Structures are given as C-alpha cells and as structure tokens.
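>>> Let's see this in three dimensions:
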Amino acid sequence: MTKTVKQSASIKCVAGLLILAAMIFLAYMNTFQASWHLDDFPNIKKNTVLHISNLEFKSLFQTFYSSPTKPGVLGRKLYRPVPCLTFALNWYFGKDRVWGYHLVNTAIHMLTAWLLFFTVLNLLKTPNLIDKFPSGQHVIAFLAAAMWALNPVQTQAVTYIVQRMASMAAMFYILSIFFYLKFRLDDSAVKRIAFLLGCLMGLILAMGSKENTITLPAALWLIEVICFQDLDRRQTKRNLIWGAIAVGIVLVGIGLLFATPGRLSWIVNGYANRPFSLSERLLTEPRILIFYLSLIFYPIANRLSIVHDVEVSTSLLQPWSTLPSILLVVALIGFGLSQVRRRPLVALAILFFFLNHVVESSILPLELIFEHRNYLSSLFLFIPIAVGFSRIFEYYGTKSSGMKRIVAAGIVFLIGCLISGTYIRNLAWATERTLWEDAMRKAPNSNRPLHNLAWGYYTKKGQYDKALELYQKSLDRQQITSHAKSLALSNMTLIYLHRKDFSKAKLLWKEALELNPGLDIIRHRYVMGLVEMADWDTALYHVNLLLAKYPQHIDYNYMKGRIMLNQGDYDSAQHHFLAGLKLKPDSTEIMLNLGICYYLKRKPERAEAVFRNALAHAPGYRPSLMWLIQTNIEVNDRADVDRYLDKLIASTPEDDLINYLENIFDDPYMPPDAKSDIIQRVNSKKSAAAKQ
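Numbering: from 1, shown residues only. Predicted coordinates:
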C-alpha cells in the first residue's frame, strides 16, 4: 500500500469516526438529565457498597462484590465487576447526579460504534471476503456502524443507566473480535501475540461485564469458519469439526465455573416466581425473537417500550403464531448456514444474532422480553444492508449521477430518521412519570407500569390517593406474580405508615410476607415500620431473621443496633453499629448512633470523638452539632460548647434554625431539658452577637 493510499484511508477513518460521534451525540443529547429508573435503584442508587468515598484499593476492590440481590452485603461472589467499578467511580466523582452516568454510557456507546467500524473494516480484509469487496470498504463499515449505533432500539441499553452492563459487555465483546481479526491478519509474530493477548483481555472484560458474553468463543469460531477457512477442502472440514469440539469444551468449562449449586438452584427454582414455566418460556421465545427483528428493522418510537404485553405460549398452537415463529427461526438459521460460502456476511449477521440470544432467550428464568438484549446480538445485522447500499451507490456512480444523488439522499434521509427516532424515543426516558405512562399506553395488560408509576412518581410526590389507586389496579391484573403482588402490598404499607394508619399497614405487611416470605426487602421495610411504630419486640424478631441470613449486611446491623439501643442493651447496640461502620466507614447515621451509644454508656470522651468524626464526614450536620454541644455541656467544656454553638448557628438561617430546634429535632436519647437548654444558649448567643 502506497503512502498516498494509506493517508487517504486514514483520512476516511478519522472522518468516519468524527461523523459517527457527532451523530450519536445528536441522537442522545436529550438524555443527560434523564432520571433513575427501575433497576437503577437496587443496582446503583441504593447499593451502598458502590458508594465509595475514596479511591483506595480496598474500596475499589469491594465493588466487585456488590450484588443488588443482597444490597449492603459484602459477599464473596463476583458480580459484574467491570461495570460495577465504573458505577462506583461515577458515584465517587458525582454521587447520584445522573448526567455523569449518562455521559459515560454515551461514551461507551460511541466507543462500541467506533470498534464496530474498525471490526467491519477488518472483516472485509479476511481471505473469504477481500475479493468480494475490493472497494467501498470504508462506506460499508461506516454505514453498518451508523445504522447500528443510531437505531432507536438501542436506547434501552444506552439511556437506561444500569444497562451499562449490557453496553460494556458488547464493547469488550467487539473489542475481542477486533483483536482476533488483527491476530489472524497480521504477519508479525510479536504483533500476533499482542493481538491474541488483547483478544483474551476482551473476553475476560466482557465476561466481567455480563454473563451472556459466554458465547464469545463460539462467535470467534463462527468468524474463523466464515471468514478464513476454505470450506471446499476436506482437511478444513475435519479441522472445523475439531474446532467446534474445542469451542464446545471451552463453553462447557466456562459454564461450569458459573454452574455453582446456588446458580443451578436459581435456574430450577426461578420459575416459581414467574407466570410461565420452562416449557412455556421455550415456546414463547421464538415469537419474541421474531418480534425483536421487527423492532430492529422497523424501530419507530411507538413500537418501543420498557414493557411489552406478551401472551405466553402454552402449546404449539396457542397462540397460533407459536409454531410459525418456531419454523421461521429454524428457517432463518438454516438460511444463514446455507449462505456461509455464497454470502458470508449474510450468514454471519444471521448466525451471530441468534447465537447471542442463546443465553437470555432460552432456559434461564428471566423476564421474557427486554429490548436491550438486542444491543450485542444486532452488532452485525446491518452489514449486509450497508453492503447493499454501497453496491447500489457504486452501480449508479458509473451510470447516472442523478440516481447517485438520489441514493445518497436516501441514505442521508435514513440516517436522519434513525437520529430523530432515537431522540424521540429518549423523550420517554426523561422521568419516571414519562417512562411509565408511555409503558401504560403500550402495555395496558401489564401490572409493572402501574406499580412503578405509583412507586416511582406518585408516592414520591406525596400524591398517595393516586398511588394507592394505581397499586390496586396493578393488583387486579390477571398475570401478576406473587413477587410483584407482595412488592405492591409492601409499597402500599409505606403510605399507610406515613398516614399513621398502623393497623392497615401491619395487615398489608402480613399479607405481603405470607405471599413471599423470602423477599428480604419486604421484611426489611417491615422492620423499619415496626421501629417507627415502636413495636420493638416484633422488630427485633424480624431483624434477627434477616441477620441470620446476612450477618454482614450494613442496614440490618444498623437496624439491630437501633433496636438494642432503645431496649437499653448498649453493648449489643455498640457491637452492631461497629459492624455496620466496618462495612460502611463513612456512614454519618451509624456514627451518630454509635456516639449516642457511648454517651448513654457514660463515655463522653469516646462519644465526642465519634460525633466529631460524623461532623467531619458531613460538615454542618445539625444532629451531630447538637450532640457535640450536649456532650461538651456534660463535661463542662465551655470553649467547645461555644465553638459548636457558632457552627450550629452558621449552619442554618435564623428562623429555620429556631423552627428546627423547637419543632423538628426530636431525639429520644437526649436528656429532656437538653433541647430547651441548647435553644436558650442559641438565643443568648444571637442576642450577644446583635448587641456587638
């Protein structure tokens, strides 16, 4: 390749990447303030293990074990460590401000599109494809990457913050494929080793992002067969059989690493909480796969939703589309296999799509349908379309400049439609209300939009009557699971608790626990409600059940400490507060209660040290200041009393402070006359300051 040709290729690459970046930014520019949704809360916002306050190795390392199924527990099982680490870093730099998370998600999407661009370029240089595409390679790569990246169906993987797990998995998946292609195409032994190591690194990072990337070895074998092997040779066919066996062994080996007794029991028992059985799921998924393809190739915003109404297939004929869908999936796979020699890219697109739905669209007891599952599987689907556009463009380029302009305008129009479609779809993700109202219109038979709109919007806004109405409607849906029903009942109890209707709250909690006694979040909420109702003995019983399962849980230790503090068992309270602080050293609430514990144990020096630490972690935190004032009054340290009084006065405007002290601050452990004493001291200090 001459220097001029290389320069021209470099300019095309840079131009293609910059245009891709600009188009992706345009499509996602309205997402940077989109709110938290659905699984964002247990995975990130309420997952205290990810809420790091420093960048020390220990803090970063603990994020690898932050499963949302056990929030507040530092376990010993890895849980998608790569994206979880990035969530923790987001939290460190920006806490729960959403724009930082969306910025990272969009950057990951952009990087994946760039990697797809380079991967397609290298695919077209492989032995079985290079003669078919002597020109137009950059156009094909650009169009394939653009149509994939700008497709509105990808919004769920990009705008939905927690689905960074899916987008990072795809990014490292395509990175591994890119390095594999470079390894196979390069002649330098040193570079080949480096590229092979890069391929392995991509595999590890992909697996560390999401488990469905277990298919990567099979995808590499598929690319090897389609793009590199001469299928006319008998020896090649024998080698491919052995290669398939080797890939199978690798997949089984990796699968065994994940097939712990806990995971196997999860598969077996997981269907107990689903409104469908294993056989029904297997019958239903072919219909969903066809629906996915229709969404990908006809992705108008009105068809996209966080929830879809899906009728479960109970037999090959019920509903009638079950058998035709199964036959169509088999036919598509058969067609893909038949095109391996004649149309390798068509074969790769079809087989890659179905391969990457094997994990999430087969036996696992997952939700039936989610659009983000197409993020990885659709990576190669647009290559044949890009090839078609490129050939039409080239054909008319030599025959008719007018038709060439029409084709170019058509491509621009298509890209414009994809950008606008993505932008419009992202409008639904703006808030909890917009997302779930959109889902209610598109999935009227589903209970989830009703429940989540009630919880995510109306309850948080204090519109409790509307929330209760929606909860009741969700309970009336025929296909509601016991899990969903118990959650709805539990959420309703919080409203009755707020209204001080304790008898109704207890009744609903009892029903929720009977429906799903193993759902820890319900029992945890029950404990918090019992504490508010001052039913300490019942609260102790239930918190002990939780701690028996998860003795290292931050919140459970904190709740047990509060209960024991109320019951006067200060040693036990101290033990549980210290256990909580060991797991979350920067928790101001736990520090404050530990300080109160020391104060009640007549250890004012230790209490003051803990209160000071709490104040250092949350400067201006008024309960810490109140307790520091009271502790120093007890030890008669007038200088420190004055110092903390000054800080308390400076922490709040005058009127707000007096209102806070008289009407809001109510700590049952502070001596009865302490609050009035502090109010008098505040007023005296203000009067003295006014005279000066």
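
>>> D537 versus the nearest residue to K601 once chain neighbours are set aside, what's the distance?
Spatially, and ignoring its direct neighbours in sequence, K601 is nearest to Y570 (4.9 Å; Cβ to Cβ, 6 or more residues apart in numbering). Bear in mind the C-beta positions are built from the backbone N, C-alpha and C, glycine included. To D537, Y570 is 18 Å away according to Cβ to Cβ, to the nearest Å.

>>> Tell me which of those two has more neighbours.
A direct count of neighbours by other Cβ atoms under 10 Å for Y570 and D537 places Y570 higher, at 19 against 9.

>>> ok, now which ones touch the more buried one?
Residues in contact with Y570 (Cβ atoms under 8 Å, 6 or more residues apart in numbering) are M564, C597, L600, K601.

>>> How about S446?
By Cβ under 8 Å, 6+ apart, the residues touching S446 are V307, H308, D309, A439, R477, Q479.

>>> Serialize the residues you listed to a markdown table and add fields for neighbour count.
Compiled in a markdown table, the contacts of S446 are given as follows (neighbours: other Cβ atoms under 10 Å):
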| residue | neighbour count |
| --- | --- |
| V307 | 22 |
| H308 | 19 |
| D309 | 13 |
| A439 | 22 |
| R477 | 18 |
| Q479 | 14 |
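
>>> Just the closest of those to K510, please.
Closest approach between the contacts of S446 and K510, by Cβ to Cβ: R477, at 22.2 Å.

>>> how close does the nearest residue to the closest one once chain neighbours are set aside get to W436?
Once flanking residues are discounted, R477 sits nearest to N447: 3.9 Å by Cβ to Cβ, 6+ apart. From N447 across to W436, the span is 11 Å (Cβ to Cβ).

>>> Equivalent analysis for G568, please.
46 Å.

>>> of these two, who's got more company?
A direct count of neighbours by other Cβ under 10 Å for G568 and W436 places W436 higher, at 26 against 9.

>>> Look up the closest residue to the more buried one, ignoring the ones flanking it.
L453 (3.8 Å).

>>> if I look at the one you found, how far off is D96?
Per Cβ to Cβ, L453 is found 21 Å from D96.

>>> okay, the two: which has more neighbours?
Neighbours around L453 and D96, counted as other Cβ under 10 Å, are more numerous at L453. The numbers are 24 against 14.

>>> Centre of the chain to the host helix or strand of the more buried one, how far?
Element membership for L453 (DSSP states H and E) is helix 448-453. Centroid separation between helix 448-453 and its chain, computed with Cα atoms, centre = their mean, to the nearest Å, is 18 Å.

>>> if you average pLDDT over that helix, what comes out?
Mean pLDDT, helix 448-453: 92.

>>> One more: stretch 322-337?
The average of the pLDDT scores along stretch 322-337 is 95.

>>> how about that stretch: buried residues?
T322, L323, S325, I326, L328, V329, L332, G336 (16 or more other Cβ atoms under 10 Å).

>>> cool, stretch 272-286 as well?
For stretch 272-286, the neighbour count (16+ other Cβ under 10 Å) marks R274, F276, L278, E280, R281, L283, T284, E285, P286 as buried.

>>> Show the pLDDT at T431.
Reading off the confidence values, T431 has pLDDT 94.

>>> For the stretch 51-200 of the chain, which segments are assigned as strands?
For the stretch 51-200 of the chain, applying DSSP state E, counting those that start in this stretch gives no strands.

>>> Show the low-confidence segments of it, by residue range.
69-76 (pLDDT under 70).

>>> Show the residue spans covered by the helices in it.
For the stretch 51-200 of the chain, helices defined by DSSP state H, counting those that start in this stretch occupy the ranges 57-62, 81-94, 98-123, 137-149, 155-158, 164-185, 189-207.

>>> Identify whichever of the ones you listed lies nearest to N302.
Checking the helices of the stretch 51-200 of the chain against N302 by Cβ to Cβ gives helix 155-158 as the closest, at 13.4 Å.
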